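K.L.:
Need a 3D model of the sequence below.
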Amino acid sequence: MHWLFLSVILDFGFVQFFKLGERRGYSAPVVVTTNYITVAVCIGTYLLAVDNWTFPEAAIETGLVTGCLFISSMLLMNYALTIAPVGSVLSAFRIAIIVPVFFGIYLWDEPLAPSQAAGLLLALMALVLMTPRSETHARFKGIRAFGLLAIICLWQGLSHTSLRSVHYKGLDEAFLQVLMITGATAGLIGILFTLLRKQRPEWPAVKLGIFIGAYNTVALCVIMIALSKLPGTLFFPVLGCSVVLLDNLFAHFVWQERLTRPAVAGVGIAILSLALVI
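P.N.:
Below you'll find the predicted structure:
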């Protein structure tokens, strides 16, 4: 269970560093791309140092798929934030935890007790309530907005599911190779995206991306170890709900952001859902 606790803390820190970049007005695609390149370089350097430069075919395939899902999910979310309601986009991104839970039960027969199922439903409710709302007017509304949000939820959920599949493909011993290919794939796609947009990376954004990437290398390794030891039906609801819970409390007490009534209710429901899921 300590691996789950470490995953929550590290993922929470990861979110805070990205929020720092947003507050400073850094380009999200540049930060995200640099982050993934740094992950690939850090893990690749380690693999060379320990003379473990062997890549099983399944690890390469899984890394390629996961890398494509990771970067496309992040770019899609950032695009959606410019045309759709912010609160709805973030909610769709966060409730994506339901996708790996579904596949965990359907494909891999992962356990889900009735109390955990109730906790999962409460967690989804809490995530929606704790997601901040925006007063800006969105260009996407109605059925088009619903379709966009559904794609965001599914795509991010598939990213989680691809990571989860590492354990069931027997790649626990090669998870570093998977993460390196993931980072390299996502980073290369991110570079092509920024080149096509003719966006010149600014050094402060690149520097933050390098720092986040080094941090994310540790966080991803811890998450992969946790996924090798815990069922996804426990890991994903606890991780998703705990990170958003901590994010709201941190924003309130440190950043001095006022918690709305729905957010306060969401915090209470989140605590109850975690008690049920665990």
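K.L.:
So for the worst-scoring helix or strand of the chain on mean pLDDT, what gets flagged as buried?
P.N.:
Using mean pLDDT, DSSP states H and E, helix 86-94 stands out as the lowest-scoring helix or strand of the chain, at a mean of 76. Residues of helix 86-94 classed as buried: Val86, Ser88, Val89, Leu90, Ser91, Ala92, Phe93, Arg94 (neighbour count, 16 or more other C-beta atoms under 10 Å). C-beta coordinates here come from the backbone N, C-alpha and C atoms, glycine included.
K.L.:
go on, stretch 229-242?
P.N.:
For stretch 229-242, the neighbour count (16+ other C-beta under 10 Å) marks 230-242 as buried.
K.L.:
swap in stretch 106-121?
P.N.:
Applying a neighbour-count criterion of 16+ other C-beta under 10 Å, one finds Glu110, Leu112, Gln116, Ala117, Gly119, Leu120 buried in stretch 106-121.
K.L.:
again with stretch 162-172
P.N.:
Ser162, Leu163, Arg164, Ser165, Val166, His167, Leu171.
K.L.:
Repeat that for stretch 242-260.
P.N.:
Residues Ser242, Val243, Val244, Leu245, Leu246, Asp247, Asn248, Ala251, Leu259 are the ones in stretch 242-260 that count as buried (16+ other C-beta under 10 Å).
K.L.:
so can I have JSON lines of those showing distance to Ser73?
P.N.:
Below are these laid out as JSON lines (distance: C-beta to C-beta, whole Å):
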{"residue": "Ser242", "distance to Ser73": "21"}
{"residue": "Val243", "distance to Ser73": "16"}
{"residue": "Val244", "distance to Ser73": "17"}
{"residue": "Leu245", "distance to Ser73": "22"}
{"residue": "Leu246", "distance to Ser73": "22"}
{"residue": "Asp247", "distance to Ser73": "19"}
{"residue": "Asn248", "distance to Ser73": "22"}
{"residue": "Ala251", "distance to Ser73": "23"}
{"residue": "Leu259", "distance to Ser73": "28"}
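K.L.:
Out of the residues you listed, which is nearest to Phe175?
P.N.:
Of all these, Phe175 sits closest to Val243, with 21.0 Å by C-beta to C-beta.
K.L.:
Please dump the buried residues of stretch 106-121 into TSV; it should also carry secondary structure for every row.
P.N.:
Shown next, in TSV, are the buried residues of stretch 106-121 (DSSP: H, G, I helix; E, B strand; the rest coil):
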residue	secondary structure
Glu110	coil
Leu112	coil
Gln116	helix
Ala117	helix
Gly119	helix
Leu120	helix
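K.L.:
tell me which of those residues is nearest to Ala184?
P.N.:
Ala184 lies nearest to Glu110 out of those, by C-beta to C-beta, at 29.5 Å.
K.L.:
Which of the three states applies to the closest residue to Ile271 other than its chain neighbours?
P.N.:
Nearest non-adjacent residue to Ile271, counting by C-beta to C-beta, 6 or more residues apart in numbering: Leu245, 7.3 Å away. At Leu245 the chain is in helix, as set by three-state DSSP.
K.L.:
Might one say that Leu245 is in contact with Val267?
P.N.:
Yes. Leu245 is within contact range of Val267, at 6.1 Å (criterion: C-beta atoms under 8 Å).
K.L.:
wouldn't Ile269 be in contact with Leu121 here?
P.N.:
No. Taking contacts as C-beta under 8 Å, Ile269 lies outside contact range of Leu121: 10.0 Å.
K.L.:
circling back to that earlier point, let's see which of the buried residues of stretch 229-242 end up in helices.
P.N.:
Judged by DSSP state H, helices contain the following of these: Gly232, Thr233, Leu234, Phe235, Phe236, Pro237, Val238, Leu239, Gly240, Cys241, Ser242.
K.L.:
element containing the residue lying farthest from the centre of the chain?
P.N.:
Distance from the C-alpha centroid of the chain peaks at Asp51, with 30.2 Å (C-alpha atoms, centre = their mean). Under DSSP states H and E, no helix or strand contains Asp51.
K.L.:
Need phi/psi at it.
P.N.:
For Asp51, the backbone dihedrals (degrees, to the nearest 10) come out as phi 60, psi 50.
K.L.:
what about it, distance to Gly63?
P.N.:
With distances taken as C-beta to C-beta, to the nearest Å, Asp51 is found 20 Å from Gly63.
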